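Asks: model this:
(chains A and B)
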Amino acid sequence: MALLELRNVKKSYGPVDVIHGIDITVASGEFCVFVGPSGCGKSTLLRMIAGLEKITDGEIAIDDEVLNNVTASERGLAMVFQSYALYPHMSVRNNLSFGLENISTPKAEIDQRVNEAARMLQIEDYLDRRPGQLSGGQRQRVAIGRAVVREPRVFLFDEPLSNLDAELRVATRGEISALHKRLGNTMVYVTHDQVEAMTMADKIAVLRAGRLEQFGPPLELFNAPANRFVAGFIGSPKMNFVKGTMGEGGKFVSEGGAEVQLDASRFQTRPNQAVELGVRPSHTSPADGGIPLQVRAVEQLGTETFVYGSVEGAEEFAMQLAGQVNIRPNTVQHVAIDAGSAHLFDLENGLSCAK
Amino acid sequence: MSAVWDFLSRTQGRGGRLTWTDWLSYAYLILGFLVILVPVLWLGLNSIKTQFQIESQDLSLLPGDFERVARATVNGPDGREIFVIGELPDWVLNWSDLSAEERADQDVDGFLAGFEGNALYALRSHLGEVSGAARALILDLGLPEWLNRYGALTPTAREAFDLDAVVSELDEDQQRLILEYLGVEPYQPNRIVTQALVTAPNPDTGEIMEWAIPNPNATSEFFPGRAVDGSIEGVVRLPANSVAAERNIAPEWDNYIEPLTNSAYGVNVNFVTCITNSVLVTVIATFITLLINSMAAFALSKYTFKGQTLFLVVILATLMVPATITLVGVFKAINATGLSGSIWGVIIPGAATPAGVFLLRQYMLTIPDELLEAARMDSASEWKVFWRIVLPLALPAIAALGILSIIWRWNDLIIPMVAIATATEAYTIQLCLLEFRGEHVSQEHYRLAMTVVSLIPTTLVFVFLQKYITTGIANTGMK
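Replies: Numbering: from 1, shown residues only, chains lettered A, B, ... in the order given. Sure, this is the predicted structure:
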């Protein structure tokens, strides 16, 4: 159907390089999410795929057809904008049919496709209204509908949920996933919210400062982050990082002198190498021995408890514990770490030490 | 209707009582309303005054004239006699203003039969009957044929004929007719002029009488009055404050009808052609202005290209040069391109309005780029983006520029004077209005009336396009 390939794609504005050469292959029918902090170039990359930004170097191809010199209007892609960008002077029906009219679709087919999309997205009742008369959620649906009627090779979404309230965002997230399952098109979705990325994506591309940090399925990124950045970005609550050095036989010694025995066969390290130990809050437990945690705050949520504090080697350290736990602020609590789920990163270059 | 009243009588909203801010607002509104309305009303009322009233600089608000009487001067062997003839019909008083057809409609002989003596002599001269009657008399009585030529002869040539011998044969009335015809002393032509009829007390006896005075509008302390019934010899000094003049209100619609039917006297342009030219110039130039300006504004606001700022600066720089300075250049360009004398010579220079480009560009900058990108993603060509997205969204600004352009082109005088002053058939309405004030004849009454006509289209345009401005604003709610 539509295999999207980015081959060493680069973008610079004058002397400023914003995208430093990115290779991504999105298989046909895959839902790919570009995620990263603001300013990482993910929207720029999406707009380059759309044809709204020129490609400085490299190639973008769909099904082996290089699109570098094809204009946006001829690429046959559809995009949902962050602001929706609905035509304010046209009715919802005309908003949906505008794209089809431009490619000279027969009138009967336009009506049929518009009605079908409207039924699917439950916007049939608003077809004759103007966008200004719709609520945010309804506009969102119209914007998606405008992309759907085009039956594009690739759908592009540019942070489409960022203007919705939290509840609607969760519901619409599910709807977009359902839409993807039903249509089976290739989709590229840009967000800064890693929860959206984790829940919707078949593949996630984590970007930082115009570079691809890691590209793979969500759980692979979660379980085997390639570097400290990805480890810190993916997963909520955030991973804890404790600075220290490697001792003999896979032993990790924190800056405060606490020792954690790791499975030496999982990591490739040199003795005395400066490293960071990464452990997710859910992989910690209270113990009599281990790393001493200076408790600063405790959040009791009923089904689980969060404990925040600091250890030597980490300003911030969090524990996520099941159930209700009796730990008081301003005390010292020793923490045991699930060694099988721990990660090690080189302190200097941030790369994972996993084998 | 009640909604309109509710709107107009709106107050600050404290139980319908007027606060001082309400008073202030209403006073301001009424003042503003009058500032606009009074000059227009003044123009409208003046446009239906008669030519005579306008030329006598009658400042009265209402059209119409004082009731008039005839002041007759009759010359004869007893010297000059001046007296007033009252109760004459309008056609007699206005005889000199009537056209040949209108004169033919009147039964002059029947009318003159009702008079005798000096009144008859004066009216006969006034109505131009003397020469006709004299020729008829010469034929009837078989008088010598040279009488018809006598009036035109030099004094030495006249010595060859014995006029006294011929005249002495005739009776007194016939003598008078022949001698008036020949213009022989003391029978100089008799004259009638109209004067205003007023009532005032006789300064000597206090008896209320009717008087004829030259001009009741004059700002003197005394009016020279002549008793209408002839009971007082000569002129009486009437104190101005004792005089009461009567007016009859008579709108002169001919001021409108005559130029519009091309039957105006002393005007050598066709007003209907001028209106047609002006409408063509205004419509075509506005259309071109809107099209070119919106395309230029689109490029300057929505594309990035080399020299963009330079182009904008150049366009804005032309705004700083007064139009009068470029006038000679414009004239040379019009002349060189052969557009001189055709309405295209007005249309094309007028269509270039840098102010319009700037206005539309500023408005188009507020249209979000994402809308254009969305259209491009919807496979729209750049033309479609312009026509279907940018133009409709810029409609409020385009309507505003449209109004301005229509008013500019309609009221423009300078470019038409430069471009088409040589070709009467290409005149626009403003040149036409200028034509009513000629070098020798001034036709202010036509000019005022046609000025009113020229105001109508711009007023209508404003009323109708105003609606587009507000609906346009209502439509652009992005988010």
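
Asks: Relative to B:F33, how far out is B:D22?
Replies: Distance of B:D22 to B:F33, computed by CB to CB, to the nearest Å: 16 Å. Quick note: C-beta positions are derived from backbone N, CA and C, even for glycine.

Asks: Correction: the previous question concerned A:G76.
Replies: Distance, A:G76 to B:F33, using CB to CB: 60 Å.

Asks: Skipping its backbone neighbours, what lies nearest whichever residue of chain B sits closest to chain A in space?
Replies: Residue nearest to chain A within chain B: B:D378 (3.4 Å; CB to the nearest CB). Spatial nearest neighbour of B:D378, chain neighbours left out: A:G99 (3.4 Å); criterion: CB to CB, 6 or more residues apart in numbering or on different chains.

Asks: same question, A:G289
Replies: Closest residue to A:G289 apart from its sequence neighbours, by CB to CB, 6+ apart: A:H334 at 5.8 Å.

Asks: I figured A:D17 hits A:K10, correct?
Replies: Yes: assessed by CB atoms under 8 Å, A:D17 is found in contact with A:K10 at 7.0 Å.

Asks: Which positions within the host helix or strand of B:N118 qualify as buried?
Replies: Secondary structure assignment for B:N118, by DSSP states H and E: helix B:117-126. Of the residues in helix B:117-126, B:N118, B:A119, B:L120, B:Y121, B:A122, B:L123, B:R124, B:S125, B:H126 count as buried by neighbour count, 16 or more other CB atoms under 10 Å in any protein chain shown.

Asks: who does the closest residue to the second one other than its chain neighbours bridge with?
Replies: Right, the one you point to is B:A119. In space, B:A119 comes closest to B:I85 once its chain neighbours are excluded; the distance is 5.4 Å by CB to CB, 6+ apart. Per DSSP bridges, the residues bridged to B:I85 are B:A70.

Asks: Can you get me a residue count around B:I85?
Replies: Close neighbours of B:I85, defined as other CB atoms under 10 Å in any protein chain shown, add up to 21.

Asks: any idea how far A:A108 lies from chain B?
Replies: Separation of A:A108 from chain B (CB to the nearest CB, to the nearest Å): 19 Å.

Asks: mind listing what that residue touches?
Replies: A:A108 sits next to no residue when contact means CB atoms under 8 Å, 6 or more residues apart in numbering or on different chains.

Asks: Assess the claim that A:A339 and A:A264 are in contact.
Replies: No: the pair A:A339 / A:A264 is not scored as a contact, 10.3 Å apart, by CB under 8 Å.

Asks: which phi and psi does the residue nearest to A:G289 have?
Replies: phi -80, psi 140 (degrees, to the nearest 10).

Asks: what bridges to it?
Replies: A:P292.

Asks: Let me see the contact set for it.
Replies: Neighbouring residues of A:H334 by CB under 8 Å, 6+ apart: A:P286, A:A287, A:D288, A:G289, A:G290, A:I291, A:P292, A:L293.

Asks: If we use 6 Å, what do you get?
Replies: A:A287, A:G289, A:G290, A:P292 (CB atoms under 6 Å, 6 or more residues apart in numbering or on different chains).

Asks: how would you label the third one: helix, strand or coil?
Replies: Looking back up the chat, that one is A:G290. Put simply, A:G290 is strand when judged by DSSP: H, G, I helix; E, B strand; the rest coil.

Asks: Tell me how many other residues surround it.
Replies: A:G290: 19 surrounding residues under other CB under 10 Å.

Asks: Could you verify my assumption that it touches A:A336?
Replies: Yes: the pair A:G290 / A:A336 is scored as a contact, 4.5 Å apart, by CB atoms under 6 Å.

Asks: Mind checking the pLDDT average for stretch A:191-204?
Replies: Averaged over stretch A:191-204, pLDDT sits at 92.

Asks: swap in stretch A:141-151?
Replies: On average, stretch A:141-151 scores 91.

Asks: same deal with stretch B:159-179?
Replies: The average pLDDT within stretch B:159-179 is 80.

Asks: For that stretch, output the C-alpha coordinates as PDB.
Replies: This file holds the C-alpha atoms of stretch B:159-179, laid out as PDB (Å, rounded to 0.1, in the frame of the first residue of the first chain):
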ATOM      1  CA  GLU B 159     -33.300 112.400 -45.800                       C
ATOM      2  CA  ALA B 160     -34.500 110.900 -49.100                       C
ATOM      3  CA  PHE B 161     -37.800 109.800 -47.500                       C
ATOM      4  CA  ASP B 162     -40.500 112.000 -46.100                       C
ATOM      5  CA  LEU B 163     -41.500 110.200 -43.000                       C
ATOM      6  CA  ASP B 164     -43.600 113.000 -41.500                       C
ATOM      7  CA  ALA B 165     -45.800 113.200 -44.600                       C
ATOM      8  CA  VAL B 166     -46.600 109.500 -44.300                       C
ATOM      9  CA  VAL B 167     -47.200 109.500 -40.500                       C
ATOM     10  CA  SER B 168     -49.300 112.600 -40.500                       C
ATOM     11  CA  GLU B 169     -52.000 110.800 -42.500                       C
ATOM     12  CA  LEU B 170     -52.400 108.200 -39.700                       C
ATOM     13  CA  ASP B 171     -54.400 108.300 -36.400                       C
ATOM     14  CA  GLU B 172     -52.600 108.600 -33.100                       C
ATOM     15  CA  ASP B 173     -52.400 104.900 -32.300                       C
ATOM     16  CA  GLN B 174     -51.200 104.000 -35.800                       C
ATOM     17  CA  GLN B 175     -48.600 106.800 -35.700                       C
ATOM     18  CA  ARG B 176     -47.300 105.400 -32.400                       C
ATOM     19  CA  LEU B 177     -47.100 101.800 -33.700                       C
ATOM     20  CA  ILE B 178     -45.100 102.900 -36.800                       C
ATOM     21  CA  LEU B 179     -42.800 105.200 -34.900                       C
END
